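Dropping a prediction and its sequence here:
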Amino acid sequence: MDIFRIAFIGHRYIEGQYHLEDRIEDIIRKKLHTKEYVELYVGRNGDFDISVASAIKRVQKAVGHHNSSLILLQPYPTKDDKYYEDFYDEVWYPIDSKTHPKRGARMKIRPWRLFTRFYPDYIWDIEDRNGVYLTFDDGPTPGVTEWVLSTLRRYDAKATFFMLGKNAEQYPDLYQRILKEGHKVGNHTYSHQKGWGMSLERYIEDVDLADGILHTELFRPPYGQVTPAQMRAVGQRYKIIMGRIFSRDYAVTVTPEMCAKGVLKHIEPGCIISFHDSDKSFRNMSYALPRVLERVRELGLKCKIIEL
């Protein structure tokens, strides 16, 4: 097999990040279309490293992984390697890395912070010493959303619901109940579209279709997947809300206890917590949410809507 190798070298702050990523995407696309197999080598935590990895992942998502590998070059093993092994196609170490004095150390940049540097214009948390921000995606869902609203009311808690336009359209009474009970709504596209591999025009069309129903200034991309061009277009009209604590309540491999524990240990003032008010998430979410609300109360914090 003819293997074409590209090494991206750089480890500093980058201005014009999105323009850089667009250029890198164009380069990678051309190579994947003209070469039999491409190995793409990147470093770890510099802004350039992260921008390159982000661009490569988007191209792989759009054209497939069949003839490329994104390879992280690690100077030594760390306790965060499981995350890196999930994100990158391969992780390589020097032969003598097992004797490195920093072997097994925690990274100064935690894995979730990598995403904040992929997308610095997103809102990941809010400066607030007294508040916690619960969010619910993919609803409204009959049966599930009513349960969430009743549970929030018992704790005098408010939340932000990132709705699918098609669901709000199908269940207008639920949509109106959320607003009447003092909660906030956000746009989660009309039909839960993934941005990667989708044209800018088609993506914005889906967002606009939801906006005609929801009328909100907040937006969260489904799956967290959005291209730089889509983000620029959406960001002109919306505040893009992500969050720092992801409950993974939708995952079949996550137990209710795991879901609750994963959220509880990270709660702190200003954090944005992501749940889902969907059928497939209900088992885990319904176990975790009351426990999270109890912990928030114990910490003397208040669950608030997102207002920016």
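In hand now; what should we look at?

Which parts of the stretch 1-150 of the chain are helices?
Assigned by DSSP state H, counting those that start in this stretch, the stretch 1-150 of the chain shows helices spanning 17-34, 47-63, 81-87, 111-118, 144-154.

how about these, which one is nearest Lys194?
Evaluated over these, closeness to Lys194 peaks at helix 47-63, with 8.1 Å, by CB to CB. All C-beta atoms are positioned from the backbone trio N, CA, C, and that covers glycine.

could you give me the average pLDDT of the closest one?
Across helix 47-63, pLDDT averages out at 83.

got it, and stretch 3-12?
Stretch 3-12 comes out at a mean pLDDT of 81.

Could you list the buried residues of it?
6, 8 (16 or more other CB atoms under 10 Å).

Now do it: everything it contacts.
24, 31, 35-43, 45-49, 52 (CB atoms under 8 Å, 6 or more residues apart in numbering).

which among the residues you listed end up buried?
Applying 16+ other CB under 10 Å to the contacts of stretch 3-12 flags 24, 31, 35, 38-43, 46-49, 52 as buried.

Please produce a markdown table containing those residues, extended by distance to Leu72.
Converted to a markdown table, those look like this (distance: CB to CB, whole Å):
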| residue | distance to Leu72 |
| --- | --- |
| Ile24 | 16 |
| Lys31 | 19 |
| Lys35 | 20 |
| Val38 | 15 |
| Glu39 | 12 |
| Leu40 | 10 |
| Tyr41 | 8 |
| Val42 | 6 |
| Gly43 | 8 |
| Gly46 | 12 |
| Asp47 | 16 |
| Phe48 | 14 |
| Asp49 | 9 |
| Val52 | 11 |
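
Pull the most distant pair out of those residues.
Lys35 and Asp47 (27.0 Å).

which stretches of the stretch 1-150 of the chain aren't confidently modelled?
In the predicted model, the stretch 1-150 of the chain carries pLDDT under 70 at residues 1, 11-18, 45-47, 79-83, 94-119.

List just the nearest of the buried ones among the contacts of stretch 3-12 to Ile213.
Using CB to CB, the shortest approach to Ile213 within those belongs to Ile24, at 36.3 Å.

Let me know the secondary structure of Tyr223.
helix (DSSP: H, G, I helix; E, B strand; the rest coil).
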